[in-house]
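In: I'll drop the sequence and a predicted model, then ask my questions.
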Amino acid sequence: MEGILVEGLNKTFREKNRVVEAVKDVSFSVGEGEIVGLLGPNGAGKTTTIKCILGLVKPDSGRIEVGGIDARREPRKAAGKLAAVLEGARNTYWRLTVWENIVYFAGIHGVSLSRGKEYFRYLLSVLKLEDQKDVEVRKLSSGYKQKTAVACALAKQTPIVFLDEPTLGLDVEASYDLREALRKLQAEEKRTMVISSHDMKVIQDVCERVMIISRGRLVTDEKIPDLLALFSARRYKVVISQNGDAAAIRAAEEKALERFPGCEVKRSPQTVEVFVNLSDGRQIYELVDIMRASGAAIETITQEEVDLEKAFLEVVRREARACG
Ligand SMILES: Nc1ncnc2c1ncn2[C@@H]1O[C@H](COP(=O)(O)OP(=O)(O)O)[C@@H](O)[C@H]1O
Ligand SMILES: [Mg+2]
């Protein structure tokens, strides 16, 4: 099984006067051929988790299996299953051309030019790198540099691939291009892939499942449509007219905030919009009762469209509240 298994992973960095618990008891699995997103704010522990799996950071404890191999016991054998593009690393040789880089990195991984040539050309075409094939990487824009790094990782033809923040620093168009390419590659190849990002659009576009990591902990692990459904069923917008009694509106806002911590209030000259995330759909009646008791006039109640961004923010906020 060319998947990934992580169990009870822990990593604490200790510096002179600073202790950072970067990864806390993280467990998950990724099935063969699955494409999974690792989503979390900066500093959440995504890169550390990936580096532990890759054998680049030594975990304090935990079990890591890649492609059925115990990666901590047999790191070299595990490395043969893995390819990665790491955040902030160059990942390529800037004085070599795109094609030379691909041939080089595939070569050190045991994929010869004669064996890989056709596939390398396919990668150039999917990643729209054909016109840059013979250009030195240092002369390329950051979008093309990143696409070259992805091509080099994929060219190794390993069953498992990690892409750490693949669209970081790319402009809108380059980011879109890369996402398109990743989607196409995944549809055609079905490799096991983990993509980390702090940008939910990337994950929502490319991945089937999302694992949300916050302050070193894995707080959510859901299929993306399930996660969105979970939140859309519960997120409501209540619009109150500003024409009513100002004190009544204030009272309604305060009571709503008290009863539903984390609800948001947006004011405009005409209306007050209250956004709530309910843990049970029936709580909407309580909210209506609060409005009625305060004497605020409700204009509309609507169920909110939820995208991954809203779901993500809610998960992270909830986690932050729970941690005080
Ligand atoms: N080599 C290191 N030494 C000390 N602290 C580190 C090191 N690498 C990461 N950290 C800290 O661990 C936490 C998680 O970092 P990281 O895994 O890079 O998060 P992410 O990739 O989600 O942005 C951060 O607080 C970061 O400062
Ligand atoms: Mg990172």
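Out: Ah, there it is. Ligands and ions are numbered 1, 2, ... in the order given.

In: Could you use CA atoms for every contact and neighbour count after this?
Out: OK.

In: Please identify the residues of this protein in proximity to ligand 1?
Out: Residues of the chain lying close to ligand 1 by C-alpha under 6 Å from any ligand atom are Phe13, Val20, Ala22, Gly40, Asn42, Gly43, Ala44, Gly45, Lys46, Thr47, Thr48.

In: Pull the most distant pair out of the residues you listed.
Out: Phe13 and Gly40 (18.8 Å; C-alpha to C-alpha).

In: And those two? Which one has more around it.
Out: Using other C-alpha atoms under 10 Å, the more surrounded residue of Phe13 and Gly40 is Gly40, with 26 against 12.

In: Retrieve the pLDDT associated with the more buried one.
Out: Model confidence at Gly40, expressed as pLDDT, equals 89.

In: can you give me the mean pLDDT across stretch 138-147?
Out: The pLDDT scores in stretch 138-147 average 93.

In: Likewise for stretch 57-71?
Out: 97.

In: Check the offset of it from the chain's centre.
Out: 21 Å (C-alpha atoms, centre = their mean, to the nearest Å).

In: Pull up the distance across it, start to finish.
Out: End-to-end distance of stretch 57-71 (C-alpha to C-alpha, to the nearest Å): 12 Å.

In: Report the buried residues of that stretch.
Out: Pro59, Gly62, Arg63, Ile64, Glu65, Val66, Gly67, Ile69, Ala71 (16 or more other C-alpha atoms under 10 Å).

In: And the furthest pair within these?
Out: Going by C-alpha to C-alpha, the pair spanning the buried residues of stretch 57-71 furthest: Pro59 and Gly67, at 18.9 Å.

In: which one among the buried residues of stretch 57-71 gets closest to ligand 1?
Out: Pro59 (11.8 Å; C-alpha to the nearest ligand atom).

In: Let me see the contact set for that closest one.
Out: Residues near Pro59 by C-alpha atoms under 8 Å, 6 or more residues apart in numbering: Leu9, Asn10, Lys11, Cys52.

In: among those residues, which are in strands?
Out: Leu9, Asn10, Lys11 (DSSP state E).

In: which residues does the first one bridge with?
Out: Spelled out, that is Leu9. Applying DSSP bridges to Leu9 gives these bridge partners: Val26.

In: wait, it sits on Val57?
Out: No: counting by C-alpha atoms under 8 Å, Val57 is not a contact partner of Leu9; they are 11.7 Å apart.

In: so which of the residues of the chain next to ligand 1 is the most crowded?
Out: Lys46 (28 neighbours).

In: do you know how far it is from Met193?
Out: For Lys46, the distance to Met193 - C-alpha to C-alpha - is 14 Å.

In: Next: Asp134.
Out: 28 Å.

In: Among those two, which residue is more densely surrounded?
Out: Met193 (27 against 13).

In: Return the helix or strand harbouring that one as CSV; C-alpha atoms alone will do.
Out: Assessed by DSSP states H and E, Met193 sits inside strand 192-197. Provided in CSV are the C-alpha atoms of strand 192-197 (Å, rounded to 0.1, in the frame of the first residue of the first chain):
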residue,chain,number,x,y,z
THR,A,192,-0.4,9.7,-3.2
MET,A,193,0.0,13.4,-2.7
VAL,A,194,0.1,15.7,0.3
ILE,A,195,-0.1,19.4,-0.3
SER,A,196,0.4,21.9,2.5
SER,A,197,-0.8,25.4,2.3
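
In: Can you name the next helix or strand after it?
Out: Using DSSP H and E, the helix or strand that follows strand 192-197 in sequence is helix 200-206.

In: And that following helix, what's buried?
Out: In helix 200-206, counting by 16+ other C-alpha under 10 Å, buried: Met200, Val202, Ile203, Gln204, Val206.

In: can you list contacts of that helix?
Out: With C-alpha under 8 Å, 6+ apart as the criterion, helix 200-206 contacts 35, 37-39, 167, 179-180, 182-183, 195-197, 210, 224, 308-309, 312.

In: Ok, stretch 306-316 next?
Out: Applying C-alpha under 8 Å, 6+ apart, the contact partners of stretch 306-316 are 200-201, 204, 212, 214, 219-220, 224, 227-228, 231-232, 235.
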